[in-house]
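Trainee: Provide a 3D model corresponding to the input given below.
(2 chains)
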Amino acid sequence: MKFNYLLLLIIMPCLVFADAGFNIGRPKAPCYAVFKGLNNIQGYHIYRINTRSERDDNVLDSTMLLKENDSLRIYYTEGSRHWQGPIKILSVNIATGQRVDSFMLVAEGYNLTVNFTAGNNKPKYTIIKTKADYPYTLFGDDENASAGRNKYILLAMSLIGFLLLFFMISKSKKKPVQETA
Amino acid sequence: MTLLALLTGMFIIKGVFLWIFYSRQGWKPLLTGLITSIAFYPLLVVLYHETEINFWLVLVLLMVADIFIYNILLKRNIAKSIIVSFLLNLVAMIFFLFGNG
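Mentor: Model prediction:
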């Protein structure tokens, strides 16, 4: 039983805080955007991504869920000029060229390729969902991104849970639960 | 959703509600809820984000696993285990899907 408490009280909080630590310490890498309709020029550095929501003047957080056909406000540089524009996402890819699916997570500072149209005539804004926090799917194999390593913390946590469950069940089999009326 | 938020939410849903259903068992339902949450839900987050697995199937498997666990650890009453497992896992899955986008 002491071993159970050791797992529960010491290792588990360590994992929880390690998970939170990964969230805070996300690496910052250059971002590139591809503008559809502008001959797919690459090399635009995205330095801020923001959504058009009630909290528009604030950057929501460094991570958001991007979906095709979503609109968002994106801040980027073209040479020495700084731009900010409402854009509509046509498709989203990671920088390696690997197609993910119709939605993905992006974080500021990550390498990604975004195909979008610059909206000159007030496009209809859609609020981007910002529910998911961890870009496991995207960045698990990216050497620049440590956030993908979170999944090992989760797997370790799950393993500890199964161990504890195993101990509990084996202990309860030794002392069968008394039937209550 | 961070691991801390996930585990806190799951502990409230599974631990506390389980304790309400099995209040005669003392503190054991709380521990059972916490440990089943720790065992299953971090794994579910990885499955959800990394694989294309059908989550209805996962929900059913989770319910079946919980039925056995509640039946073994808390009270040998299969009907009660089925009802409690169904309710708690349904609520827990809604919370999970809401939190993970």
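Trainee: Quickly find the element holding whichever residue of chain A sits closest to chain B.
Mentor: Residue of chain A nearest chain B, by Cβ to the nearest Cβ: A:Gly161 (2.9 Å). C-beta here means a position set from N, CA and C on the backbone, and glycine is covered the same way. Following DSSP states H and E, one finds A:Gly161 within helix A:150-174.
Trainee: Give me the mean pLDDT for the helix or strand B:Ser37 falls within.
Mentor: Per DSSP H and E, B:Ser37 falls inside helix B:28-50. Averaged over helix B:28-50, pLDDT sits at 83.
Trainee: what ranges do the helices span in chain B?
Mentor: With DSSP state H, the ranges of helices along chain B come out as B:3-10, B:17-21, B:28-50, B:55-73, B:78-100.
Trainee: which helices and strands does the helix holding A:Gly161 pack with?
Mentor: Where contact means 3 or more Cβ pairs under 8 Å, 6 or more residues apart in numbering or on different chains; DSSP states H and E, helix A:150-174 is packed against helix A:2-6, helix A:12-24, helix B:3-10, helix B:28-50, helix B:55-73.
Trainee: so which of the ones you listed gets nearest B:Phe96?
Mentor: Closest to B:Phe96 of those, according to Cβ to Cβ: helix B:28-50, at 6.6 Å.
Trainee: Is that closest one in proximity to chain A?
Mentor: Yes. Residues of helix B:28-50 are located near chain A by Cβ under 8 Å from any Cβ of the partner chain, namely B:31-32, B:35-43, B:45-46, B:49-50.
Trainee: of those, buried ones?
Mentor: B:31-32, B:35-43, B:45-46, B:49 (16 or more other Cβ atoms under 10 Å in any protein chain shown).
Trainee: could I get those residues as CSV with distance to B:Leu90?
Mentor: As requested, these are exported to CSV (distance: Cβ to Cβ, whole Å):
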residue, distance to B:Leu90
B:Leu31, 22
B:Thr32, 18
B:Ile35, 20
B:Thr36, 15
B:Ser37, 15
B:Ile38, 20
B:Ala39, 18
B:Phe40, 14
B:Tyr41, 14
B:Pro42, 20
B:Leu43, 19
B:Val45, 18
B:Val46, 21
B:His49, 21
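Trainee: okay, the angle between the helix holding B:Ser37 and helix B:3-10?
Mentor: Counting by axes from the mean of the first three to the mean of the last three Cα atoms, to 10 degrees, helix B:28-50 lies at 130 degrees to helix B:3-10.
Trainee: Alpha carbons of helix B:28-50, as PDB, please.
Mentor: C-alpha atoms of helix B:28-50 as PDB (Å, rounded to 0.1, in the frame of the first residue of the first chain):
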ATOM      1  CA  LYS B  28     -13.100   3.800  -1.600                       C
ATOM      2  CA  PRO B  29     -15.400   5.200  -4.400                       C
ATOM      3  CA  LEU B  30     -13.300   8.400  -4.400                       C
ATOM      4  CA  LEU B  31     -10.100   6.500  -4.800                       C
ATOM      5  CA  THR B  32     -11.600   4.200  -7.500                       C
ATOM      6  CA  GLY B  33     -12.900   7.200  -9.500                       C
ATOM      7  CA  LEU B  34      -9.500   8.900  -9.300                       C
ATOM      8  CA  ILE B  35      -7.500   5.800 -10.200                       C
ATOM      9  CA  THR B  36      -9.800   4.800 -13.100                       C
ATOM     10  CA  SER B  37      -9.600   8.400 -14.400                       C
ATOM     11  CA  ILE B  38      -5.800   8.300 -14.100                       C
ATOM     12  CA  ALA B  39      -5.700   5.000 -15.900                       C
ATOM     13  CA  PHE B  40      -8.000   5.600 -18.800                       C
ATOM     14  CA  TYR B  41      -8.300   9.300 -19.600                       C
ATOM     15  CA  PRO B  42      -4.700  10.200 -20.300                       C
ATOM     16  CA  LEU B  43      -4.600   7.300 -22.700                       C
ATOM     17  CA  LEU B  44      -7.800   8.500 -24.200                       C
ATOM     18  CA  VAL B  45      -6.300  11.900 -24.900                       C
ATOM     19  CA  VAL B  46      -3.400  10.300 -26.800                       C
ATOM     20  CA  LEU B  47      -5.800   8.000 -28.700                       C
ATOM     21  CA  TYR B  48      -8.000  10.900 -29.500                       C
ATOM     22  CA  HIS B  49      -5.300  13.100 -30.900                       C
ATOM     23  CA  GLU B  50      -3.000  10.400 -32.500                       C
END
